[in-house]
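Chemist: give me coordinates for this.
(4 chains)
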There are 2 protein chains.
Amino acid sequence: MQSPASLAVAYRANGRKLTPQRQLIFQLMHENETHPTAEDLFAQASAQMPGISLRTVYQTLNELAEMGELQFIEIGSGATRFDPNVGDHHHAVCDSCGQIRDVHVRGAATLRPTDSTDFVINEVGVVFRGICSACETSRRKGSSQRGAKSPVQQAKASKK
Amino acid sequence: MQSPASLAVAYRANGRKLTPQRQLIFQLMHENETHPTAEDLFAQASAQMPGISLRTVYQTLNELAEMGELQFIEIGSGATRFDPNVGDHHHAVCDSCGQIRDVHVRGAATLRPTDSTDFVINEVGVVFRGICSACETSRRKGSSQRGAKSPVQQAKASKK
DNA sequence: CAACTAATTTGCAAGTCATGCGAATTAGCA
DNA sequence: TGCTAATTCGCATGACTTGCAAATTAGTTG
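Modeler: Coordinates of the predicted model:
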């Protein structure tokens, strides 16, 4: 992660200005472990800076991604999520609550396809789908667990 | 993959009807190696069955996914793509042309996070990002290769 | 084989997520 | 302090997908 100070540097290096909006969004992003969506951040930002525009949030997130300060996470089912953690890590997605958590995977970076050897690999991403401990617990305690949808369908459904 | 015959069985097992539209979409899906979007399939379907509705294509694809006959692939940048291959495989995405190809990865299914051990894993997905051989070749031959966008940005850009 | 009924198909409206655009503002520099 | 290019903002627009209700049709029954 990047400190706010170096953020200023990063911005200037790109001939960009360090506006209050950008600082706020950057800060909120790093205080947040939940991989928020643009709307999530907009809600939080609005609380601290009434009048800030959703348009600006989108714009800033795109800029930060361009500058390598954050990553997009696009794991189906709805809005893009943003991850300030640009280090080597992967994700575990709960098919029940939709939570995404960062995880580490030994040897992931060196995985290679056994076929398609004529493909230059720049990046390897691993996504685990399953049930987080919180959901697993509440499930045992009683509730539903109805019609078994596929994980993907489940994700889709929780969109609403 | 599933034969058209068993498709009928699968449909009946779900109390569903085997309509010409469904048969066509299922067939096109399996003739197609390109992980098409709903619009792609709609275009192909329209050629063989003028008047078929895009709505029906979406609906059918969702049903097939529910029945486990195909998978959704949602790797950012635009529309959902569909994959008739529900076996154990992963994907390689070309950041240049957007092509997605199926690949196999030894040991992928047994990957586990080194942290987050309190997470029940149902599925492991690996995504490689890079440059396919075709793009790599044409790139060498001459063309651009301008401003280095992040892979994700690149994907976003090719959306349009 | 004709009738019947629930499942499907369709087209259009509506919804979600994200970006384009132009006018008003503002950060950073001289 | 002033200047100017960069940025913010909000509205319109666009891409993709689903909801809905009326018209059709697959599959079953007599």
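
Chemist: so A:Glu69 sits against A:Val86, correct?
Modeler: Yes. Contact criterion C-beta atoms under 8 Å: A:Glu69 and A:Val86 qualify, at 7.1 Å. (Glycine included, C-beta is placed from N, CA and C.)

Chemist: which of those two has more neighbours?
Modeler: The neighbour count for A:Glu69 versus A:Val86, taken as other C-beta atoms under 10 Å in any protein chain shown, is higher for A:Glu69 (21 against 15).

Chemist: what's the distance between that one and chain B?
Modeler: 10 Å (C-beta to the nearest C-beta, to the nearest Å).

Chemist: A:Thr137 in helix, strand or coil?
Modeler: helix (DSSP: H, G, I helix; E, B strand; the rest coil).

Chemist: walk me through the domains of chain A.
Modeler: Chain A breaks down by automatic domain parsing into domains covering A:4-73, A:88-157.

Chemist: what would those look like in a markdown table with mean pLDDT and distance to DNA strand D?
Modeler: Shown next, in a markdown table, are these (pLDDT from 0 to 100; distance: least, C-beta to the nearest atom of the strand, whole Å):
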| stretch | mean pLDDT | distance to DNA strand D |
| --- | --- | --- |
| domain A:4-73 | 93 | 3 |
| domain A:88-157 | 80 | 6 |
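
Chemist: show me where chain A has its strands.
Modeler: A:71-73, A:81-83, A:90-94, A:100-103, A:119-132 (DSSP state E).

Chemist: pull the CA atoms of the third one into PDB?
Modeler: Going back to what we said before, that points to strand A:90-94. Extracted as PDB, the C-alpha positions of strand A:90-94 are listed here (Å, rounded to 0.1, in the frame of the first residue of the first chain):
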ATOM      1  CA  HIS A  90      -5.900 -13.700  -4.400                       C
ATOM      2  CA  HIS A  91      -9.500 -13.800  -3.500                       C
ATOM      3  CA  ALA A  92     -12.000 -16.000  -1.700                       C
ATOM      4  CA  VAL A  93     -15.600 -15.300  -2.500                       C
ATOM      5  CA  CYS A  94     -18.500 -16.400  -0.200                       C
END
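
Chemist: and the helices in chain A?
Modeler: All helices of chain A, identified by DSSP state H, fall at A:4-13, A:20-31, A:38-48, A:54-66, A:133-140, A:151-157.

Chemist: check which helices and strands the second one is in contact with.
Modeler: On a contact count with 3 or more C-beta pairs under 8 Å, 6 or more residues apart in numbering or on different chains; DSSP states H and E, helix A:20-31 meets helix A:4-13, helix A:38-48, helix A:54-66.

Chemist: if we go by neighbour counts, what in the last one is buried?
Modeler: In this case it means helix A:54-66. A:Thr56, A:Val57, A:Thr60, A:Leu61, A:Asn62, A:Glu63, A:Leu64, A:Ala65, A:Glu66 (16 or more other C-beta atoms under 10 Å in any protein chain shown).

Chemist: can that helix be found next to DNA strand C?
Modeler: Yes. Helix A:54-66 reaches DNA strand C (C-beta under 7 Å from any atom of the strand) through A:Leu54, A:Arg55, A:Tyr58, A:Asn62.

Chemist: which residues sit in contact with the spatially closest residue to the third one that is not a sequence neighbour?
Modeler: Across the structure, with C-beta to C-beta, 6 or more residues apart in numbering or on different chains as the measure, the residue nearest A:Tyr58 apart from its sequence neighbours is A:Ala38 (5.2 Å). Counting by C-beta atoms under 8 Å, 6 or more residues apart in numbering or on different chains, A:Ala38 makes contact with A:Leu54, A:Val57, A:Tyr58, A:Leu61, A:Ala79, A:Thr80, A:Phe82.

Chemist: cutoff 10 Å now
Modeler: Under the criterion of C-beta atoms under 10 Å, 6 or more residues apart in numbering or on different chains, the neighbours of A:Ala38 are A:25, A:54-55, A:57-62, A:79-82.

Chemist: got TSV for those residues, with distance to B:Ile121 too?
Modeler: Listed next are the contacts of A:Ala38 as TSV, based on distance: C-beta to C-beta, whole Å:
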residue	distance to B:Ile121
A:Ile25	33
A:Leu54	35
A:Arg55	38
A:Val57	33
A:Tyr58	33
A:Gln59	36
A:Thr60	34
A:Leu61	29
A:Asn62	32
A:Ala79	24
A:Thr80	24
A:Arg81	20
A:Phe82	24
